[in-house]
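S.K.: Using only what follows, build the 3D model:
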Amino acid sequence: MKHLIRKAFGDKVFNNTQINRKKLGNMVFKDKNKLKTLNSIIHPQLISEIKKILHSKTGKIVLDAALLFYWGLEKECNLSILLKARKDVKIQRLKQRGIEKSKALAILSQQEDEKDWEKKADIVFDNSNGLEELKKFAETIDRLVLKEYIC
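M.R.: Presented below is the predicted three-dimensional model:
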């Protein structure tokens with residue numbers, strides 16, 4: 001996959017043999033076509049690997065995939081949960097990871113509207129209220145729902 005990324009984006013997104021994710025991210029989140037190119041390189045392999053795992057395992061599998069609905073992988077699951085958050089919360093969380101506000105806005109502008117994904121999800125949870133609320137939600141899901149479903 002690295003050779004395809006090098007071919008598409010050049011040496012400038014590499015530090016020797018390693019992809020410089022910061023440089024690559026700066027490039028693709030400024031240009032929708034470059035993001036599409038990157039996604040066309042990475043997504044098919046990721047989807048294939050996820051499907052292999054889902055089809056080879058038994059028991060509960062929790063798949064944490066931000067692009068689950070975009071990839072259509074919710075069809076592979078018995079239960080899908082969408083965690084969403086307000087835009088200001090997303091920006092704050094990205095800033096806490098060292099991403100400047102302008103880049104955070106660029107990243108968010110490339111994402112699809114969550115309203116489309118809400119229609120596909122079995123459960124939607126607003127994750128704007130912090131880690132403690134998320135923990136309570138996860139415990140409830142584990143206790144009430146995951147005991148019934150296998151994904």
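
S.K.: The chain: helices as residue ranges?
M.R.: If DSSP state H is used as the criterion, the helices of the chain fall at 2-9, 21-28, 32-56, 87-96, 101-109, 114-120, 131-140.

S.K.: Give the other helices and strands that the second one contacts.
M.R.: Helices and strands touching helix 21-28, as assessed by 3 or more Cβ pairs under 8 Å, 6 or more residues apart in numbering; DSSP states H and E, comprise helix 2-9, helix 32-56, helix 101-109. Using the backbone N, CA and C atoms, a C-beta is placed for each residue, glycine as well.

S.K.: what helices or strands is the longest one leaning on?
M.R.: This means helix 32-56. Here helix 32-56 is seen to pack against helix 2-9, helix 21-28 when contacts are counted using 3+ Cβ pairs under 8 Å, 6+ apart.

S.K.: 6 Å instead?
M.R.: Using 3 or more Cβ pairs under 6 Å, 6 or more residues apart in numbering; DSSP states H and E as the contact criterion, the neighbours of helix 32-56 among helices and strands are helix 21-28.

S.K.: ok so, going back, would TSV of the helices of the chain with distance to Cys77 and mean pLDDT be doable?
M.R.: Listed next are the helices of the chain as TSV, based on distance: least, Cβ to Cβ, whole Å; pLDDT from 0 to 100:
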stretch	distance to Cys77	mean pLDDT
helix 2-9	29	94
helix 21-28	28	91
helix 32-56	8	92
helix 87-96	24	94
helix 101-109	25	88
helix 114-120	11	87
helix 131-140	16	92
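
S.K.: would you list those in JSON lines and tack on mean neighbour count and distance to Ala66?
M.R.: Supplementary listing: the helices of the chain in JSON lines, determined by neighbours: other Cβ atoms under 10 Å; distance: least, Cβ to Cβ, whole Å:
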{"stretch": "helix 2-9", "mean neighbour count": "13", "distance to Ala66": "20"}
{"stretch": "helix 21-28", "mean neighbour count": "15", "distance to Ala66": "14"}
{"stretch": "helix 32-56", "mean neighbour count": "13", "distance to Ala66": "11"}
{"stretch": "helix 87-96", "mean neighbour count": "14", "distance to Ala66": "11"}
{"stretch": "helix 101-109", "mean neighbour count": "14", "distance to Ala66": "11"}
{"stretch": "helix 114-120", "mean neighbour count": "13", "distance to Ala66": "10"}
{"stretch": "helix 131-140", "mean neighbour count": "12", "distance to Ala66": "15"}
